[in-house]
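Student: Sharing a model prediction with you, sequence too.
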Amino acid sequence: MTDRLKTLLAASFALLIMVRPAFAQVGHMPDRSPYLDLDYSQELTLLGGYLRARHDPAGVAPLSRSIVGLRYELRLAGPLSFDANVIAGGGDRNVVDPLKPATTRNRGTVSNAVVAGDLGLALNLTGARSWHHLVPQISAGVGGVSSKARDDSSGFAFGTRFAFVVGGGVKYVPTGSRFQLRADVTDRIFKLDYPDAYYRLASDNTAVLPGSTAKSFYTHHTAFTVGVSYLFAP
């Protein structure tokens, strides 16, 4: 039994010696690796897409709309980047007169632009490299959402709202090109508030909003964008 054990141990040791170099070769040769280093540290992107306006019980804030924008990104170290964004879009919003009865309260729509800008940090989930030419990314920052939407009769004014910004997307980086494609979803979270006039009863004993509706609350503008980036600064 002892001789058999010695033979088994010797065979196992020999097998380990032969297998170890094979393990050292596990992976991809450099020229066949799915990971490629990112050649440029800065990018400027022209964006286009759609902005979806979210929770607005009174329906008087700027509505969903098409948008265009610019994004600048600077790679700081490893997977971390600084980013700056600005988007804008023309569109409509509803106008109401809270002192009128429900049947005549809606005054139609008016044209109203929305502009948003923010600064933040982005994290490449593949580090300073692409994977099969793809770079998935998450981001967060702060900024503002602004509109000239205003109703003097009710006291409602949108103005400029401080916003928290979170997002995610993916970049497609062709080998040896100074251009890339990207697609992103970005959510701007800000506080919206209504004037007291929206809660007062009109002559028909109705109001724009019931008293149970919060006068101040957080809402969202969610942007879905695609863009073409110019890459520079190796």
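Tutor: Arrived safely, thanks for sending.
Student: All the strands of this structure, in order from the start?
Tutor: Here the chain has its strands, by DSSP state E, at 35-37, 42-53, 65-77, 80-89, 92-96, 106-111, 114-124, 129-131, 134-151, 156-172, 179-193, 216-232.
Student: How about stretch 111-124, which residues are buried there?
Tutor: For stretch 111-124, the neighbour count (16 or more other Cβ atoms under 10 Å) marks 112, 114-118, 120, 122, 124 as buried. In this view, the C-beta of every residue, glycine as well, is placed from N, C-alpha and C.
Student: Now that stretch: average pLDDT?
Tutor: Mean per-residue pLDDT for stretch 111-124: 97.
Student: Repeat that for stretch 46-59.
Tutor: Average pLDDT, stretch 46-59: 97.
Student: Make 251 the starting number, not 1.
Tutor: Sounds good: first residue 251 from here, last item stretch 296-309.
Student: what's the span of it, first residue to last?
Tutor: Length of stretch 296-309, first residue to last, Cα to Cα, to the nearest Å: 31 Å.
Student: Measure how far it is from the centre of its chain, please.
Tutor: Per Cα atoms, centre = their mean, to the nearest Å, the displacement of stretch 296-309 from the mean C-alpha position of its chain is 13 Å.
Student: can you list contacts of that stretch?
Tutor: Stretch 296-309 is contacted from outside by 311-321, 337, 339, 344, 346, 364, 434, 442, 444, 448, 458-459, 463, 467, 469-479, using Cβ atoms under 8 Å, 6 or more residues apart in numbering.
Student: Could you do stretch 364-375 as well?
Tutor: Contacting residues not belonging to stretch 364-375 are listed as 301, 312, 315, 317, 323, 329-339, 341, 385-397, 413, 415, 438, 471, 473 [Cβ under 8 Å, 6+ apart].
Student: At the geometric centre of the protein, which residue sits there?
Tutor: Closest to where the C-alpha atoms of the chain average out (Cα atoms, centre = their mean) is residue 436, at 1.8 Å.
Student: ok, what's across the strand from it?
Tutor: residue 417, residue 473 (DSSP bridges).
Student: and what of the one 4 residues further on?
Tutor: Per DSSP bridges, the residues bridged to residue 440 are residue 413, residue 469.
Student: Contact partners for residue 406?
Tutor: 310, 399-400, 444-445, 447-448.
Student: Next, count neighbours for residue 319.
Tutor: Residue 319 has 22 neighbours, counted by other Cβ atoms under 10 Å.
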